[in-house]
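S.K.: sequence unknown, structure follows:
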């Protein structure tokens, strides 16, 4: 087992077990870089949620639709969109939100209350 001491303005040690910790530091550095890359990607994707107008790719991500499905919806004019140049498609985020929420399914409890109200109106009784 060799031990080296180097004295200068920076004190450095060279021990066999430091080689392992240096390797761990490299792994930790790589892990940190990977995590930072993932965070950067997530932040860029979140920017989509704040933009008022989305392009085609951003809309696919925002709605979690495949490209072919979104093209199909636009060609059938089933989804609100803009095509100012004749080629590129753009979407208003607020209009997309309204479009998504147009077919709301009522909960069982809401249906029961509506049915009860209907029966009460027909029979003329109120609770």
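M.R.: Right, received. Where do you want to start? Keep in mind the model is a prediction, meaning the values are calculated, not measured.
S.K.: How are the strands of this protein distributed by residue range?
M.R.: 4-6, 12-14, 53-55, 90-92 (DSSP state E).
S.K.: So for residue 31, what's the pLDDT?
M.R.: Predicted confidence (pLDDT) for residue 31: 87.
S.K.: burial of it, as a residue count?
M.R.: 10 (other CB atoms under 10 Å). Heads up, the C-betas are built off the backbone N, CA and C, glycines and all.
S.K.: just residue 60 next, same as before
M.R.: 18.
S.K.: now the one 4 residues further on
M.R.: Residue crowding around residue 64 was assessed by other CB under 10 Å; the count is 7.
S.K.: Now do the same for it: its pLDDT.
M.R.: You'll see residue 64 listed with a pLDDT of 93.
S.K.: Just want the phi and psi numbers for it.
M.R.: phi 60, psi 50 (degrees, to the nearest 10).
S.K.: Report the separation between residue 117 and residue 59.
M.R.: From residue 117 across to residue 59, the span is 39 Å (CB to CB, to the nearest Å).
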